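Participant: Sharing a sequence plus its predicted fold:
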Amino acid sequence: MSPRRNRRQGRDAAPEGREPAHGLERVESGRDGDWVVRAIPAAGATKAYRCPGCDQEIVAGVPHVVAWLADRPGAEDRRHWHTSCWRARERRAPRVRRSRDAPRH
């Protein structure tokens, strides 16, 4: 009898020991509703995004998460977050996005 191998099948297939480039999805419940959350590994992070949690840039190549309300599956409602900012979102108020010329105190 040979040992059992746990391998991904179908479109989620990835080289052994690596996560697929598009990431894995899960549903998380919060005070503001149910969210679909997709983990984006470094290999799948090909563009820069602005994190709504800290208003800082998520540069290409940095693993992060994409989240959207479960009842709004459209791409325009998806937001890219630093993983730590996503985890902390219910513990802190959202950051106010400032223009580049606004003074910072």
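Facilitator: Sure, I can see it.
Participant: Output the contacting helices and strands for the helix or strand that contains residue 39.
Facilitator: Per DSSP states H and E: residue 39 is located in strand 33-40. On a contact count with 3 or more Cβ pairs under 8 Å, 6 or more residues apart in numbering; DSSP states H and E, strand 33-40 meets strand 25-30, strand 64-69. Backbone N, C-alpha and C define where each C-beta goes, glycine included.
Participant: Let me see the contact set for the nearest residue to residue 37 once chain neighbours are set aside.
Facilitator: Nearest residue to residue 37, sequence neighbours excluded (Cβ to Cβ, 6 or more residues apart in numbering): residue 67, at 4.8 Å. Applying Cβ atoms under 8 Å, 6 or more residues apart in numbering to residue 67 gives the contacts 28, 35-38, 78-79, 81, 86.
Participant: What's opposite residue 67 in the beta bridge?
Facilitator: Taking DSSP bridges as the rule, residue 67 bridges to residue 37, residue 79.
Participant: how close does it get to residue 24?
Facilitator: 13 Å (Cβ to Cβ, to the nearest Å).
Participant: shared neighbours of these two, which are they?
Facilitator: residue 38.
Participant: Show me the shaky parts of the chain.
Facilitator: 1-23, 93-105 (pLDDT under 70).
Participant: just the strands in it please.
Facilitator: 25-30, 33-40, 49-50, 57-58, 64-69, 79-81 (DSSP state E).
Participant: Going by contacts, tell me the helices and strands next to the third one.
Facilitator: The reference is to strand 49-50. Counting by 3+ Cβ pairs under 8 Å, 6+ apart, strand 49-50 packs on strand 57-58.
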